[in-house]
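**Q** dropping the sequence and predicted coords here.
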Amino acid sequence: ASSSSSPADIQMQPDDEQPNPTTDPSEQPNPQTQPPPGCYCRRETYLNMVSLTVTGAVIGGIVGCLLSGALEGKEENNGVIHTLIGLPGELFIRALRGLVLPLVASTMISSLAGLNLGTLGKSGLYTVIYFVGTLLIAACEGLILVLLIRPGSRLTSQHVEDHHAGMVPSASSGVQAELIEKATSKPLTALDAMVGLTLSLTPSNLVDAASEHIDGKLNLLGIMVFCIVLAGSVNALGEEGKPVLDFFTALSKCLMVVVRVLLYATPIGIASLVAHRFATTPNLLQVLQQLALYFCTVLVGQIIHGAVTLPLIFFLMTRKNPYKILRYLLHPMATAWGTGSSVATLPVTMRTCEDLGVSPHLTHFVCPLGATVNMNGTALYEAIAAVFIAQVYNNSLDGGQAVMIAVTAVLAAIGAAAIPQAGLVTLVMVLQSAKLPVEAISILLPVDWLLDRFRTSINVEGDALGCNLIHHIAPIRVEDTQQNLSRSASSASIDTNGGARRQLGGVPDIAMPTTNTQDPPVVDSYVTVSP
């Protein structure tokens, strides 16, 4: 009825008809302090999930310890009870591992297909610098702690001989005895680790690289390289590659929905895994008493690195409070503690980083790479373990040997992805670099499985916190990727000046001779046509 409205009339309009004053992305609330609404980890729901996961781990540990004492000496019922206790956890970790390969492949291809090399190169450079820097800092922290506390001074080489001879059953029975024999029969050097890591970049068979029957683990690094190359090819094709991009984009969204549903089963799965592990470990308290000082040294080092060092690096680089992010990272860290695998925790880590506001393009690149090569907790642990064994044998280390241990621990942590039974074999490499007896690792095995869960949590924290750090110093914005996709599509244009010519990243198509109905055919004149 009227084309103008008074200010009073405008104020009386419903909220959905008023213009949105915060359409500018820069004016939106900081996603680091409050996750975006609609995601599964809104503050109340997410903190409840963290509480339930931690509670499940605690309950699982208590139940496992009680069962371990109650079933001692009752061998006829142990197998059935242990299987039933660990069944929910085994189903949970199998589901997580089953999602890793399709999730990494689909998310990397759909995210990187729209990136230009300049944007990806800058973020990748900062990522590599962060990974290598934190690994070196972790190894140095481990050396300083073990030299100050000296946990090996209370033990002698006789303890090592007793463990290696099997006088302590939990040290050399079952799988652990096989690990000792496998590690000591054909020890590998740091050069072997780096060569294996380099060869894993180009798998000869993608099916074998994606199969866990090859050495029991995925060649995740080789799959990532293939996905990066395929994403670049899709980007170069422009409009013709759009169906492939749409397929992987839809697949990644579907898998994220599956991950979101699966995360609600985390407390039950973690409780089952922890209860099964504690219930199947005999004489745990006795072993912890023997290696209490060593155990506490490693645990204090992991806490310092995870609660002080990594947050301090984040604060110095971004000038933002890192602990606001860390409280949301408790969920993937608790999942890593329960599963003992950073790769199995990868879906949870990626989901959490996205919900914290990190660009999916960056998350799908940094998190899988970090789960493969960034192992801060492992580098710190191996530095402490090597010096601890030297102290047990009363071997005084000079400055050169200490530096060699730190460097080898970093190389071992980076190259662990290409080595079967990574934790044990890489420790053998560190011991060899310092000329220490390899058989001494038997004294560490009774508590290695428990310390492995703590260092895996620190590994996951380093990946997730590093992803948020790279998001601040070298962000990848969605609008940049959309512009790059538009440029790729526009490059697939038809040039009618002398014939049909299409340019795909500067690579010419098939050249065909020109035929003219009026003039004789000129063989030397060529134009380019689409196949």
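**A** Now that the structure is in, tell me what you want to look at.
**Q** what packs against the longest helix anywhere in the chain?
**A** Secondary structure of the chain per DSSP state H: the longest helix is helix 75-112. Here helix 75-112 touches helix 43-70, helix 220-237, helix 242-262, helix 266-279, helix 323-339, helix 346-355, helix 360-373, going by 3 or more C-beta pairs under 8 Å, 6 or more residues apart in numbering; DSSP states H and E. Placement of C-beta: from N, CA and C, glycine included.
**Q** between those helices, which one is closest to Gln286.
**A** The closest of the helices and strands packed on helix 75-112 to Gln286 is helix 43-70. By C-beta to C-beta, the value is 11.7 Å.
**Q** now do the closest one against helix 266-279, angle only.
**A** Between the axis of helix 43-70 and that of helix 266-279 there is an angle of 20 degrees, by axes from the mean of the first three to the mean of the last three C-alpha atoms, to 10 degrees.
**Q** how about the CA coordinates for stretch 388-396, as CSV?
**A** Extracted as CSV, the C-alpha positions of stretch 388-396 are listed here (Å, rounded to 0.1, in the frame of the first residue of the first chain):
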residue,chain,number,x,y,z
PHE,A,388,67.3,-44.3,31.2
ILE,A,389,68.8,-47.5,29.8
ALA,A,390,72.2,-45.8,29.8
GLN,A,391,71.8,-44.9,33.4
VAL,A,392,70.9,-48.5,34.3
TYR,A,393,74.1,-49.7,32.7
ASN,A,394,76.1,-46.8,34.3
ASN,A,395,77.1,-45.4,30.9
SER,A,396,77.9,-41.7,31.1
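**Q** can you pull out the residues in contact with it?
**A** 146, 150-153, 155-157, 159-160, 294, 297, 397, 431, 434, 436-437, 440-441, 443-444 (C-beta atoms under 8 Å, 6 or more residues apart in numbering).
**Q** show me which of those are buried.
**A** 146, 151-152, 155, 159-160, 294, 297, 397, 431, 434, 436-437, 440-441, 443-444 (16 or more other C-beta atoms under 10 Å).
**Q** picking up where we left off before, buried sites along the longest helix of the chain?
**A** Result for helix 75-112 [16+ other C-beta under 10 Å]: buried residues 78, 82, 85-86, 88-89, 92-93, 95-97, 99-112.
**Q** need the next SSE after it, C-terminal direction.
**A** helix 117-149 (DSSP states H and E).
**Q** how close does Gly60 get to Leu329?
**A** 21 Å (C-beta to C-beta, to the nearest Å).
**Q** check Val80 too.
**A** In terms of C-beta to C-beta, Val80 sits 38 Å off from Leu329.
**Q** which stretches of the stretch 351-500 of the chain form helices?
**A** 360-373, 376-392, 399-415, 422-433, 445-473, 478-491 (DSSP state H, counting those that start in this stretch).
**Q** with respect to Pro203, which of those lies nearest?
**A** Here helix 360-373 is closest among the helices of the stretch 351-500 of the chain (C-beta to C-beta), at 13.4 Å.
**Q** same for that closest one, what does it pack against?
**A** So helix 360-373, by 3+ C-beta pairs under 8 Å, 6+ apart, packs with helix 75-112, helix 117-149, helix 220-237, helix 346-355, helix 445-473.
**Q** and the first one with helix 43-70, angle?
**A** Comparing the axes of helix 75-112 and helix 43-70 via the same axes, to 10 degrees yields an angle of 150 degrees.
**Q** mind listing what the nearest residue to Val387 once chain neighbours are set aside touches?
**A** Spatial nearest neighbour of Val387, excluding adjacent residues (C-beta to C-beta, 6 or more residues apart in numbering): Val146 at 4.3 Å. Residues in contact with Val146 (C-beta under 8 Å, 6+ apart) are 152, 297, 383-384, 387-388, 391.
**Q** pick the one among those closest to Thr408.
**A** Ala383 (8.9 Å).
**Q** how far away is the residue nearest to Val387 from Ala231?
**A** To Ala231, Val146 is 43 Å away according to C-beta to C-beta.
**Q** same check on Thr55?
**A** For Thr55 relative to Ala231 (C-beta to C-beta), the value is 41 Å.
**Q** between these two, which has more neighbouring residues?
**A** Ala231 (25 against 14; other C-beta atoms under 10 Å).
**Q** so the more buried one makes contact with Met108?
**A** Yes: between Ala231 and Met108 there is a contact at 6.6 Å, judged by C-beta atoms under 8 Å.
**Q** what backbone torsions are found at His435?
**A** I think there's a mix-up here, since residue 435 is Lys and not His. Per-residue torsions, Lys435: phi 60, psi 50 (degrees, to the nearest 10).
**Q** chain neighbours aside, what residue packs nearest to it?
**A** Gln401 (7.9 Å).
**Q** nearest residue to Thr309 in space, please, no chain neighbours.
**A** Ile137 (6.1 Å).
**Q** give me the number of residues near the one you found?
**A** Count around Ile137 with other C-beta under 10 Å applied: 19.
**Q** so it is in contact with Ile304, correct?
**A** No: counting by C-beta under 8 Å, Ile137 stays clear of Ile304, with 10.7 Å between them.
**Q** so where's the stretch 101-250 of the chain shaky on pLDDT?
**A** Flagging of the stretch 101-250 of the chain using pLDDT under 70 yields the residue ranges 114, 116-119, 156-190, 193, 212-217.
**Q** circling back to that earlier point, quick one, which of Gly60 and Leu329 is more surrounded?
**A** Gly60 (26 against 23).
**Q** ok, the more buried one touching Pro267?
**A** No: contact criterion C-beta under 8 Å: Gly60 and Pro267 do not qualify, at 9.4 Å.
**Q** do you know which of the helices and strands packed on helix 360-373 lies nearest Val308?
**A** helix 117-149 (9.5 Å).
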